[in-house]
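Trainee: Mind looking at a prediction? Sequence and model below.
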Amino acid sequence: PSNSETLRSVIGLSLVMPLIDVDASLARRSASSEHRRERPAPLHLAPLRTDAAHVDIPPTPRTPMSATSTRRSASTMQQHRTVAGQLASYALSKILGDAEQEDEMVDVVPFIQTVLDQPGAVVDEEIFRRLVDITAKVDVTFKDISFSVDVKDKDGKVSSKTILEPVSGHFPAGSMVALMGPSGSSKSTLLDCLALRKTAPYEGDVLFNGRPADKFLPRLASYVPQGDYGSGLDTVDEALSFVQDLSGRIHFPSIGAEEEYVALEENHRAFLTHMLGLDGIRYSRVGDELRRGISGGQRRRVSLAKGLLRLVGGVAFLDEPTSGLSSTDSELVMQGLRNTARTLGTTCIVVIHQPKEAIFDMFDHLILLTEGRCAYNGPVKQIRPYLDSIGAPVPININPADHILDLVTSTVPGNKADYMVENYATLKAAGVTATVNAVKPGKPLRELAETIFKGPDNKPVRTKSSFWVQYKVLQARFFRHTRRDMDQVATTVFNNILLGTIVGLLYLNVGGDEGRERELTVLPLCYNLVLQSAFLAFATIPNLVANRVIYLNEREQGLYKSPAYIFAYMVTSLVSGLIGILLLVTIAFFLADLDASDYGIVFTSVFLTYLAVEAILAVAGVTASSLPQANAMAGAIIGVLALFNGFTANTETSPPGISWICFVSPFYYGVQAIAVQLFPESSTDTYGLNRDWGIWGSFVVLIGMTLVFRVIQAVSMTRLKLGA
């Protein structure tokens with residue numbers, strides 16, 4: 001051929017090749033399922049002659065290789081391709097046996113090769129085989145799961161409304177399971193029941209490896225909610241590191257040095273971010289409604305990464321993981337899930353609304369629901385022949401997922417929802433029940449967990465992580481957030497400088513006053529300093545309420561316990577309060593020209609009052625259902641307590657029936673401690689302040705109040721539930 005003809009062939013080939021690749025990929029997926037519609041065979045082209053004698057095309061300039069790329073020679077890459085094939089075969093034989101290996105190899109081999117080809121990769125052949133050997137293979141079996149609620153009609157009569165009718169099933173380890181149905185079909189309800197996250201009572205049994213769940217389930221299961229949670233102040237990598245640091249270490253006998261474990265964890269995070277398309281934003285802030293950050297779809301993928309990061313096998317419950325993602329990103333995410341299921345045996349149970357065909361074909365098992373009733377429960381590859389057999393075949397060139405949703409959506413004209421439910425009950429339900437009844441007990445969850453996660457000296461780990469580890473990780477995050485939230489820090493500093501200056505100017509140079517005049521100037525100064533501490537404490541309520549959703553999600557994931565969170569939060573508020581009170585008291589104290597020897601007592605009194613008030617407000621913030629309610633509760637409580645402060649109202653001036661409020665008011669003890677230090681007995685007696693308790697007695701009471709309300713806060717937070 002002439003040079004021009006050959007050039008046209010080369011250009012034509014470059015345009016056709018992407019179509020060939022896509023068609024070949026679709027053909028591979030089609031071949032693995034029965035009764036699929038015919039597709040055109042992939043186009044095969046004869047090889048072109050592209051030597052210099054026939055094609056007069058200048059050679060393409062070679063792009064210089066990066067420093068990282070130069071470390072990998074062609075022989076290394078070829079070796080990785082060979083090893084990846086061996087590892088894929090090894091993993092699939094462990095998860096699926098030999099029957100379906102050939103169909104799965106097409107996608108799994110590139111997946112494993114990506115792991116091995118990461119720059120600075122620590123996951124080598126030995127570690128990958130170890131992961132496959134110790135992975136927690138968990139079957140999920142459920143029998144007659146149903147859920148109903150009591151509702152009242154317009155006459156106030158209570159009746160039971162069925163949300164989910166009894167449904168049973170069995171998912172082998174490594175399965176990709178789709179829970180599908182139109183909106184309101186109880187997909188998420190079923191998922192919550194299977195994940196044991198449904199706090200309202202429901203009927204039925206859920207078994208893991210044929211056994212009831214125990215305390216080790218949180219180590220082997222992960223739940224990715226439909227909504228995104230997490231702080232907008234973290235970067236993507238920090239959000240993943242937080243989960244990783246609290247999830248326990250995988251036990252590798254060949255890895256002992258700390259730096260090797262750190263490198264392995266870093267490599268694991270890098271791989272997940274690569275798999276989910278987060279490479280370019282790994283060190284970007286997540287952001288939220290108030291702070292600019294990554295996009296909503298990217299936040300969705302970060303939540304998914306946090307869920308997968310905790311698992312070596314086990315079970316992943318995912319509530320609409322593709323919501324907010326583009327069609328292409330959705331397919332990439334689901335392909336990553338499928339590869340994880342195939343290589344590490346993770347059982348993925350996914351609520352998904354209306355997937356495109358390529359995604360639908362990635363699933364092994366389908367449960368189709370309509371208005372809480374089961375319309376299909378079986379293998380995805382059997383859905384087409386099943387629909388053919390009942391007279392509802394999938395039309396040519398129609399996505400089967402779209403077709404079955406049209407069949408079971410009651411609002412679609414010509415739907416067959418009732419017909420599908422009746423046919424399932426007649427043709428399929430008995431077989432599902434027989435499969436469920438035939439399940440035998442497998443390995444206990446405890447044995448699986450202790451095989452994967454080990455503590456020092458290879459001793460079994462019985463808890464997710466120690467209190468000290470939880471506290472350190474949480475405290476580091478609290479301090480990091482405080483440091484990065486510069487608007488809040490600047491506001492706190494400015495407010496306290498301003499308040500300290502105004503209070504100091506109001507009582508400028510009153511330190512030299514004597515007698516009755518001193519009572520009328522210095523004591524109001526002390527009262528105002530104590531009262532201002534309450535306003536500083538009020539600033540903590542919005543953050544406490546806003547972080548509650550994050551806390552509940554992370555606690556439900558089993559990352560930490562309430563005491564560690566409370567303690568880290570308390571230390572953070574103590575440090576920030578210390579800075580604020582220091583500015584407030586120091587400025588006002590010296591503008592008022594009080595004796596420097598009294599500074600320590602005045603500062604300590606105001607600071608301990610702040611801690612007690614902040615603990616009371618924390619209880620209000622935890623128990624309230626919203627920020628407006630928390631502010632209303634806090635305002636009412638502190639408003640009453642601030643009245644009985646020992647200066648404007650005390651045991652001498654208050655009516656006998658309510659004077660006892662002085663003894664539960666932190667303001668009373670703060671003013672009392674300062675007054676005992678600054679005034680003679682005659683003055684304190686006038687205001688009903690108790691000198692017998694002394695300064696240290698007041699301090700002990702304030703510390704006791706702080707501890708009591710922190711305990712109440714911890715108990716309240718432990719009882720909080722994410723949702724019914």
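Mentor: Now that the structure is in, tell me what you want to look at.
Trainee: May I ask which helix or strand encompasses Leu366?
Mentor: Here Leu366, judged by DSSP states H and E, is contained in strand 365-370.
Trainee: Against which helices or strands is that strand packed?
Mentor: Secondary-structure packing of strand 365-370 (3 or more C-beta pairs under 8 Å, 6 or more residues apart in numbering; DSSP states H and E): strand 158-171, strand 176-180, helix 187-194, strand 373-379, helix 400-408, helix 417-427. Every C-beta, even on glycine, is put in place using the N, C-alpha and C of the backbone.
Trainee: So what's the gap between it and the chain middle?
Mentor: Here the centre of strand 365-370 is set off from its chain's centre by 26 Å, with C-alpha atoms, centre = their mean, to the nearest Å.
Trainee: Tell me which strands it pairs with, and in which orientation.
Mentor: strand 176-180 (parallel), strand 373-379 (antiparallel) (DSSP bridges).
Trainee: sorry, back to before: from the helices and strands packed on strand 365-370, pick the one with the highest average neighbour count.
Mentor: Scoring the helices and strands packed on strand 365-370 by mean neighbour count under mean count of other C-beta atoms under 10 Å gives strand 176-180 as the most buried, with a mean of 25.
Trainee: Render the CA-only coordinates of it in CSV, please.
Mentor: Taking Å, rounded to 0.1, in the frame of the first residue of the first chain, the C-alpha atoms of strand 176-180 are listed here in CSV:
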residue,chain,number,x,y,z
MET,A,176,-21.6,-9.3,45.2
VAL,A,177,-25.2,-8.8,46.3
ALA,A,178,-27.6,-6.2,44.9
LEU,A,179,-30.7,-5.1,46.9
MET,A,180,-32.9,-3.4,44.3
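Trainee: How about residues contacting that strand?
Mentor: Contacting residues not belonging to strand 176-180 are listed as 171, 187, 190-191, 337-338, 341, 347-353, 355, 360, 362-369, 380, 401, 404-405 [C-beta atoms under 8 Å, 6 or more residues apart in numbering].
Trainee: if you go through this protein in chain order, where are the strands?
Mentor: With DSSP state E, the ranges of strands along the chain come out as 140-152, 158-171, 176-180, 203-208, 211-212, 221-224, 315-319, 347-351, 365-370, 373-379.
Trainee: So for the first one, mean pLDDT?
Mentor: Per-region confidence: strand 140-152 scores 89 on mean pLDDT.
Trainee: name the helices or strands packed onto it?
Mentor: strand 158-171, helix 187-194, strand 203-208, helix 429-437.
Trainee: Out of the ones you listed, which is closest to Leu505?
Mentor: helix 187-194 (58.5 Å; C-beta to C-beta).
Trainee: contacts for that closest one?
Mentor: Contacts of helix 187-194 (C-beta under 8 Å, 6+ apart): 140, 142, 145, 147, 163-164, 167, 179-181, 198, 202, 204, 206, 226, 317, 319, 349, 351, 367, 369, 372.
Trainee: Could you write me a PyMOL select line covering just the buried ones among these?
Mentor: The command below creates a PyMOL selection of those among these that count as buried (16 or more other C-beta atoms under 10 Å):
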select buried, resi 140+142+145+147+163+164+167+179+180+181+198+202+204+206+317+319+349+351+367+369+372
